[in-house]
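In: how would this look folded up:
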Amino acid sequence: MKGIVDGVRASYNKIANAYFSGARFFNEEIMHTGLISIATHYGFQFKGATVLDLGCGPGGLMKAMETRGALTYGLDISDKLLAIASERGCTNLTLGSMHQAEKYFNPHTFDAVFSNFALHYLPKEGQAHTVRAIYEILKPGGFWIYSCCHPFFMRHWYMDEQTGQFTGRTKNYFYPLDIDVWGEKEFGESLPLFRLDWPEIHLMNRSAGFDVLEMRDAVLPSNIEKTVLSKTKNKEVVELIQLFKKNPFGVFVAARKT
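Out: Just a heads-up that it's a prediction; the model follows:
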């Protein structure tokens with residue numbers, strides 16, 4: 001576990017600025033909006049709430065929740081990303097790994113814990129430990145709302161190094177990968193992605209004590225291609241958007257402490 005965590009930390013420290021600028025639109029306009037929308041759908045009130053963003057990175061989700069009246073805390077493994085979050089005005093920032101969340105926060109501290117595309121950097125046992133820790137630091141009735149890579153995306157799609165195109169991983173249909181990597185083409189660093197299937201995601205949260213409210217595909221807004229093209233002509237970004245319009249790329253999970 002330590003070797004994996006240290007590797008992810010080193011990679012994000014190297015690419016912090018590039019990641020912030022390159023992934024900002026995707027994270028803040030699509031993923032963060034989705035997480036907040038799901039929380040609101042289930043009646044969560046941000047105003048006056050104490051919330052934690054696990055894997056907060058450069059602080060975009062923290063800022064979005066602050067504007068809605070929440071007292072926000074952030075935990076991230078990269079001191080370089082936390083420095084960006086601090087420059088953006090975020091406070092209550094903690095440097096550390098999410099699988100040790102109970103080390104940094106007392107039991108029954110938060111009304112909700114959020115996380116965007118971070119949990120999948122830990123192997124299965126690390127993800128399970130993290131979810132159990134989240135259960136402990138949540139108040140009774142607290143929400144756990146997060147996103148992770150979609151099992152289908154990790155099973156069936158990859159970037160062909162020779163052509164630079166996304167192609168099917170059909171040969172692995174019955175032998176899906178438990179681990180994949182991303183970031184080499186985008187940022188020059190390979191980051192591990194540890195896949196869980198739908199039943200594994202559900203069981204992991206149920207085993208920790210959560211009532212799983214919803215698991216849904218993360219989908220792109222219908223006007224996303226037009227919006228992206230108005231902001232960038234980057235070929236790789238446009239190709240990603242075209243791919244994501246046709247294939248699921250992420251999962252939103254909403255759960256509540258019983």
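
In: residue nearest the centroid of this structure?
Out: Ranked by distance to the mean C-alpha position of the chain (Cα atoms, centre = their mean), the top residue is F117 at 1.6 Å.

In: how about the nearest residue to that residue, chain neighbours excluded?
Out: Using Cβ to Cβ, 6 or more residues apart in numbering and skipping residues adjacent in sequence, the residue nearest F117 is S147, 5.5 Å away. Any C-beta I mention is one placed from the backbone N, CA and C, and that applies to glycine too.

In: so which bits of whatever helix or strand the one you found lives in are buried?
Out: S147 belongs to strand 138-149 when elements are defined using DSSP states H and E. Residues of strand 138-149 classed as buried by neighbour count (16 or more other Cβ atoms under 10 Å): 138, 142-149.

In: re the thing from before, quick one, what contacts the residue nearest to the centre of the chain?
Out: Contacts were defined as Cβ atoms under 8 Å, 6 or more residues apart in numbering; by that measure F117 touches 27, 31, 55, 147-149, 250.

In: nearest to G3 among the residues you listed?
Out: Of all these, the one sitting nearest G3 is G55; the distance, using Cβ to Cβ, is 18.5 Å.

In: tell me who's in contact with the nearest residue to A49 once chain neighbours are set aside.
Out: Counting by Cβ to Cβ, 6+ apart, D111 is the residue found nearest to A49 once chain neighbours are left out, at 4.1 Å. Listed by Cβ under 8 Å, 6+ apart, the contact set of D111 reads 44, 49-51, 138-139, 142-143.

In: try it again at 6 Å.
Out: With contact taken as Cβ atoms under 6 Å, 6 or more residues apart in numbering, D111 is in contact with 49-50, 139, 142.

In: find the helix or strand that it is a member of.
Out: strand 110-116.

In: now do that strand against strand 138-149, angle only.
Out: 10 degrees (axes from the mean of the first three to the mean of the last three Cα atoms, to 10 degrees).

In: strand 110-116 pairs with which strands, parallel or anti?
Out: Under the criterion DSSP bridges, strand 110-116 sits next to strand 50-54 (parallel), strand 138-149 (parallel) in its sheet.

In: circling back to that earlier point, which residues are contacting the strand holding S147?
Out: The set of residues external to strand 138-149 that reach it, using Cβ under 6 Å, 6+ apart, is 31, 35, 38-39, 44, 108, 110-117, 119-120, 134, 193, 250-257.

In: ok, E87 to T67 distance?
Out: Computed with Cβ to Cβ, to the nearest Å, the distance linking E87 and T67 is 17 Å.

In: pretty sure A255 is touching N205, no?
Out: Yes. At 4.9 Å, A255 and N205 qualify as touching, with contact defined as Cβ atoms under 6 Å.

In: when the two are compared, which one has more neighbours?
Out: Looking at A255 and N205 with other Cβ atoms under 10 Å, you find the greater number of neighbours at A255, namely 29 against 26.

In: what separates the more buried one from M215, distance-wise?
Out: When Cβ to Cβ is the yardstick, A255 and M215 sit 9 Å from each other.

In: and the helices in the protein?
Out: Assigned by DSSP state H, the helices in the chain fall at 2-25, 32-41, 60-66, 79-87, 101-104, 124-137, 151-156, 184-187, 198-207, 224-231, 235-246.

In: now for those, which one comes closest to Y73?
Out: Taking Cβ to Cβ as the measure, the helices of the chain were each checked against Y73, and helix 60-66 came out nearest at 8.0 Å.
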